[in-house]
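K.L.:
Return atomic coordinates for the entry below.
(one chain, ligands or ions: 1)
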Amino acid sequence: MLNTPIRSVQWNKDKITLLDQRLLPQKIEYLTLSSIEDIWDAIFELKVRGAPAIGIAAAFGLALSTQQSTISNFDEFRLELKKEAAYLETSRPTAVNLFWAIKRILSVVENITSVQEAKEAILAEALLIEKEDEDICRSIGEYALSLFQDEDTLLTHCNAGGIATARYGTALAPFYIAKERGITLRAFASETRPVLQGARLTAWELQQLGVDVTLITDNMVAHTIQSKGINAVIVGADRIAANGDAANKIGTYGLALIAKSLGIPFYVAAPLSTIDVDTLSGADIEIEERHPDEVRTINGHLISPADINVFNPAFDVTPAELITGIITEKGIIKGDYQKEIAILFQ
Ligand SMILES: CSC[C@H]1O[C@H](OP(=O)(O)O)[C@H](O)[C@@H]1O
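P.N.:
Next up is the predicted model:
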């Protein structure tokens, strides 16, 4: 078991230290990033992944590039900042935390007129985003745990764990809090093809935490829920629309349909920063499509004809009506999500 939390992205004086999540679980290796291009590449290549972690990485990326800036004129500085923000926004389209964090960084310079003051304010805001996320995820964990009993068994998909956030995670946060309080929660983790965040990250993370975790393949979910007494499903999210529709890792929608048909609760755990009130419904969420070789290969080994046609959406959208509850740092919302979300954001 690890004694200190593994952090996926950290500010390190004038550099960014980033856990290369592509190498897990075989290797725990950190990269030192020294340019905004490095950050763009890290987000695009899933060296850092998970909605909140992507937002934190982008915030640190803007802090890094502005710390390095030699522009003395404030208007030129602000123009360059906006260009670099727009550049980072092209790295991945679905997780709203990327855009939410960038918007927060841009907002801190609105009432500033000096370059030095702007540099300091941007770095302070990026560090605040990281610190807040840790506290937020802990709160999500506490609310989530209130839904479960000692000895419950939960099924989760992809990785919404500590390395997808500042710490604790969202869907995995209740496991951290349960461990602290001597409550036993067991887990089944679906492998999550094609990038295998469940097999590589969640199975490893929960094992390190000392949780009884069992790995299954994605096509075992229905039988597992039916035969293993799964009490509930809990997943993360990348963007939740104003009506409660939730985009999450591909396969989540199917999992929600199975949970509904087998009569077990399906929970989405996410911070308010993942709820996008400007996205009216799931139909308005852009679904990232990634390189076909992610499907054609496993660990770089071809498992199909090299030139086979591939459809590789990285996310799907679960309609609000399939979601039993959305667990946030402000509490658990159920039922009329449109109304409940509007109240949360009033
Ligand atoms: C706590 S957000 C985790 C969320 O992000 C993952 O996507 P990706 O690994 O592609 O960044 C997945 O959808 C998780 O639920």
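K.L.:
Is residue 166 within a helix or a strand, and which one?
P.N.:
Counting by DSSP states H and E, no helix or strand carries residue 166.
K.L.:
so how far is residue 195 from the residue lying closest to residue 291 once chain neighbours are set aside?
P.N.:
Excluding the flanking residues, the one nearest residue 291 by CB to CB, 6 or more residues apart in numbering is residue 312, at 6.9 Å. No exception for glycine: its C-beta is placed from N, CA and C like everyone else's. To residue 195, residue 312 is 10 Å away according to CB to CB, to the nearest Å.
K.L.:
which of these two has more neighbours?
P.N.:
Per other CB atoms under 10 Å, whichever of residue 312 and residue 195 has more neighbours is residue 195, with 24 against 16.
K.L.:
so is that one in a helix, a strand, or just coil?
P.N.:
Secondary structure assignment for residue 195 (DSSP: H, G, I helix; E, B strand; the rest coil): coil.
K.L.:
Give me the distance between it and the ligand.
P.N.:
7 Å (CB to the nearest ligand atom, to the nearest Å).
K.L.:
what residues are up against that residue?
P.N.:
By CB atoms under 8 Å, 6 or more residues apart in numbering, the contact set of residue 195 is 46, 294, 314.
K.L.:
Quick check: pLDDT value at it.
P.N.:
Looking at residue 195, its pLDDT stands at 98.
K.L.:
swap in the one 5 residues further on?
P.N.:
According to the predicted model, the pLDDT of residue 200 comes to 98.
K.L.:
so it sits right up against residue 27, yeah?
P.N.:
No - Residue 200 is beyond contact range of residue 27, at 10.9 Å (criterion: CB atoms under 8 Å).
K.L.:
who has more neighbours, those two?
P.N.:
residue 200 (21 against 8).
K.L.:
distance of the more buried one from the ligand?
P.N.:
Counting by CB to the nearest ligand atom - residue 200 and the ligand are separated by 10 Å.
K.L.:
go on, residue 319?
P.N.:
Residue 319 is 17 Å from the ligand, by CB to the nearest ligand atom.
K.L.:
ok, that residue to residue 227 distance?
P.N.:
From residue 319 to residue 227 the distance is 27 Å (CB to CB).
K.L.:
Could you check which of the two has the larger neighbour count?
P.N.:
residue 319 (17 against 9).
K.L.:
What residues does the residue nearest to residue 291 make contact with?
P.N.:
Per CB under 8 Å, 6+ apart, neighbours of residue 312: 194, 289-292, 294-295.
K.L.:
ok, so of those, who is nearest the ligand?
P.N.:
Set against the ligand, the nearest of the contacts of residue 312 by CB to the nearest ligand atom is residue 290 (8.5 Å).
K.L.:
Next, count neighbours for the closest one.
P.N.:
Residue 290, neighbours per other CB under 10 Å, totals 18.
K.L.:
same thing with residue 70?
P.N.:
Neighbours of residue 70 using other CB under 10 Å come to 6.
K.L.:
Repeat that for residue 303.
P.N.:
With other CB under 10 Å as criterion, residue 303 counts 11.
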